[in-house]
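Visitor: whatever this is, show me its structure:
(one chain, ligands or ions: 1)
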Amino acid sequence: MIYNEDFETLPREVLEALQLKRLKQVLDRVYHTVGFYHKKFEEAHVTPDDIQSLADLGRLPFTVKQDLRDNYPFGLFSVPMSNIVRLHASSGTTGKPTVVAYTKRDIETWAELMARSFAAAGLTKNDIIHNAYGYGLFTGGLGAHYGAEKLGASVIPMSGGSTKKQIMLLQDFGPTAICCTPSYLLFLSEVGEEMGVDMRSLRLRVGILGAEPWSERIRQEIEKRLDITALDIYGLSEIMGPGVAMECIEGRHGLHVFEDNFIVEVIDPATGEVLPYGEKGEIVFTTLTKEAFPLIRYRTRDISRLMPEVCKCGRTFVRMERVSGRSDDMLIIRGVNVFPSQIESVLMEIEGLEPHYQLIVDREGSLDTLEVRVEVSENIFSDEVRKLQNIEKRIVKDVKDIIGVSVKVKLVEPKSLQRFEGKAQRVIDKRNI
Ligand code: DLL
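Guide: Sure thing, here's the model as predicted:
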């Protein structure tokens, strides 16, 4: 279902005219209100007046995460604090968080985009949405919450954690949709099964899952275990939070970027060159409607590609392929570039393995080592040793054949690896410790 026909189905040329109009406005705004942008544009010898077409966007400099750090906490805001009604922050792996801000209108825009996302998942005011994204500084909880209310659905503000209680409410309140990370939903279903609950017989129909990379095979696993349709939602705090792009239930292939609010580009991460539709690279966003914290050509480090094919749902917004990982998640193992998602794909093809794994990177002398720890299914674990050895050999061979690195493999007992309430952390890099 389309939530906002006025924008989501605009003919491309009308949409692009709207984008250009909004781009000019936002450039004017940042040039005159954010010292950082004024300086940056001057250094690049460009003023907002130089941008007369969408193609001119390429003349503008990129914004990177370090710029946010350098201006911590409030240096990039474009309105006075008295106009800001909300702050969020993303934790990051080291040091200070990234702080983002919203005016009243920003919160309304965000709620609308989340309502659109839910509608794209086939939800209406008649649905009950169990929201297990964390409430707090993380944008997932409150972002989904406001969107669900805007849609008119009934929202259960569960947040993360208290997993057994979540199972109880899933049974008793009968929500028809659930929002959480894909890894947490797998964990929830595991705990439910342990409690003797038939997870397939709950009223749940749809999962709105995101905030971390997940593969097509994990989607299949989730759909099988819970008998739901699992859809991908994408976003990042810097650009808004969840609801920057959403997969539609009709297409179920790639996520529509809400292009009336964001311009999306794909660049070669090494050279910064803009890549044509279809080519894989780093996703870059420019916000068109945000008031408190606009960002121009923000490099997300997320790797994906844009899919130009028209979608059967009727939305004219371009689709972005599921994000396979972040350029900074990339591991360099003895000179070979390895994304955790590639290892996940190999593992998920092998019978008898559970979708729970961990990658441990270390160094022996001057050589990098990669150990893959993965859980085996209950029936296999209690099986004969030879079967386990065969699985181990198969993983070593497939990873070597497909990715080109030799790995050590450790098969571990079911349910022995750490579970996560929010984003899963699958890589432990001991080289940096
Ligand atoms: O994760 C916002 C969000 C909340 C999105 C709930 C979806 C659902 P951050 O904590 O700032 O914001 O993390 C943003 O998470 O740059 C991606 O690397 C990753 N990410 C988010 N959604 C997806 C997804 C939220 N669907 C970072 N697939 C982003 C893959 C995702 N990665």
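
Visitor: what comes into contact with the top helix by length along the chain?
Guide: Counting by DSSP state H, the longest helix found in the chain is helix 12-33. By CB atoms under 8 Å, 6 or more residues apart in numbering, the surrounding residues in contact with helix 12-33 are 7, 10, 37-38, 41, 47-48, 51, 53-54, 57, 60, 78-79, 259-260, 263, 286-291, 294, 296, 316-317. In short, each C-beta sits where N, CA and C put it, glycine included.

Visitor: return the distance of stretch 277-294 from the chain's centre.
Guide: When distances are taken as CA atoms, centre = their mean, to the nearest Å, stretch 277-294 is centred 14 Å away from the chain's centroid.

Visitor: ah, wrong one, I meant stretch 244-264
Guide: That offset, for stretch 244-264, works out to 12 Å (CA atoms, centre = their mean).

Visitor: and for stretch 288-300?
Guide: In this view, stretch 288-300 has its centroid 17 Å away from the chain centroid, taken as CA atoms, centre = their mean.

Visitor: ok, now stretch 187-199?
Guide: Relative to the centre of its chain, stretch 187-199 is centred 25 Å away, using CA atoms, centre = their mean.

Visitor: got the buried residues for it?
Guide: Judged by neighbour count using 16 or more other CB atoms under 10 Å, the buried positions of stretch 187-199 are 187, 188, 189, 190, 191, 192, 197, 199.

Visitor: distance of the second one from the ligand?
Guide: Distance from residue 188 to the ligand, counting by CB to the nearest ligand atom, to the nearest Å: 16 Å.

Visitor: quick one: contacts of the helix or strand that residue falls within?
Guide: Using DSSP states H and E, the element containing residue 188 is helix 182-194. Where contact means CB under 8 Å, 6+ apart, the residues beyond helix 182-194 that reach it are 132, 160, 163-164, 166-167, 170, 178, 180, 199, 207, 209-210, 212, 214, 218-219, 221-222, 225-226, 230, 355-356, 415, 419-424.

Visitor: could you dump the longest helix of the chain to CSV, C-alpha only?
Guide: What follows is helix 12-33 as a C-alpha-only set of coordinates in CSV (Å, rounded to 0.1, in the frame of the first residue of the first chain):
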residue,chain,number,x,y,z
ARG,A,12,10.8,11.0,-12.5
GLU,A,13,11.0,14.4,-14.1
VAL,A,14,8.7,16.0,-11.6
LEU,A,15,10.5,14.2,-8.7
GLU,A,16,13.8,15.5,-10.0
ALA,A,17,12.5,19.0,-10.3
LEU,A,18,11.4,18.8,-6.7
GLN,A,19,14.7,17.5,-5.6
LEU,A,20,16.5,20.3,-7.3
LYS,A,21,14.3,22.9,-5.7
ARG,A,22,14.8,21.4,-2.3
LEU,A,23,18.5,21.0,-2.9
LYS,A,24,18.9,24.7,-3.6
GLN,A,25,17.0,25.5,-0.4
VAL,A,26,19.1,23.2,1.7
LEU,A,27,22.4,24.5,0.2
ASP,A,28,21.4,28.0,0.9
ARG,A,29,20.5,27.1,4.4
VAL,A,30,23.8,25.3,5.3
TYR,A,31,25.9,28.0,3.6
HIS,A,32,24.4,30.7,5.7
THR,A,33,23.9,28.9,9.0
